[in-house]
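In: just need the structure, nothing else, for what follows:
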Amino acid sequence: MGMPSVSATKIVTLDFTQPLSFRVEVGNDMLGGTSFSIGETSGTCTTETVPVPAASAVQFSTLNLITTVEDNNLATNRTAVTYHIRNGGREMSFPFELVLPNNERFALYLIDFMFI
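Out: Numbers count the residues shown, from 1 in each chain. The predicted structure follows:
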């Protein structure tokens, strides 16, 4: 059996004349990390804001995010991740949550944002 996971695709309408960035927030004081890719750019992030260079070049592109969360609070088995996308002065937040089955320690969040 694979790791418990959440997967989703969100369509986000942007103003491509404005700067674009994203940030990943792992909730419940848990440990986590994220790998990302968009176009020819890829990398990893924890809690820092990641600027997307040349926002005008990502129209009709997909930001792929893979976040792994370690449940270090076995009393609840509840994990949560919120993805924040900032476009100019507007910030959009996308929260996700997964309650792990007993004896599971890790959750995987596979989230894609399609920019139109």
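In: other SSEs contacting the strand or helix carrying residue 95?
Out: In this assignment (DSSP states H and E), residue 95 forms part of strand 90-99. The helices and strands touching strand 90-99, judged by 3 or more C-beta pairs under 8 Å, 6 or more residues apart in numbering; DSSP states H and E, are strand 5-12, strand 78-87, strand 106-115. The way it works is simple: take the backbone N, C-alpha and C, and place the C-beta from them, glycine included.
In: of all these, which one comes closest to residue 22?
Out: Between residue 22 and the helices and strands packed on strand 90-99, the tightest spacing by C-beta to C-beta is seen for strand 78-87, at 5.0 Å.
In: partners of the spatially most central residue of the chain in the sheet?
Out: The chain has residue 83 as the residue nearest its centroid, 4.5 Å off, counting by C-alpha atoms, centre = their mean. Note on residue 83: beta-bridge partners residue 24, residue 94, judged by DSSP bridges.
In: give me every residue that touches it.
Out: Shown in contact with residue 83 (C-beta atoms under 8 Å, 6 or more residues apart in numbering): 22, 23, 24, 25, 65, 93, 94, 96, 111, 113.
In: over to residue 6?
Out: Shown in contact with residue 6 (C-beta under 8 Å, 6+ apart): 96, 97, 98, 107, 108, 109, 110, 111.
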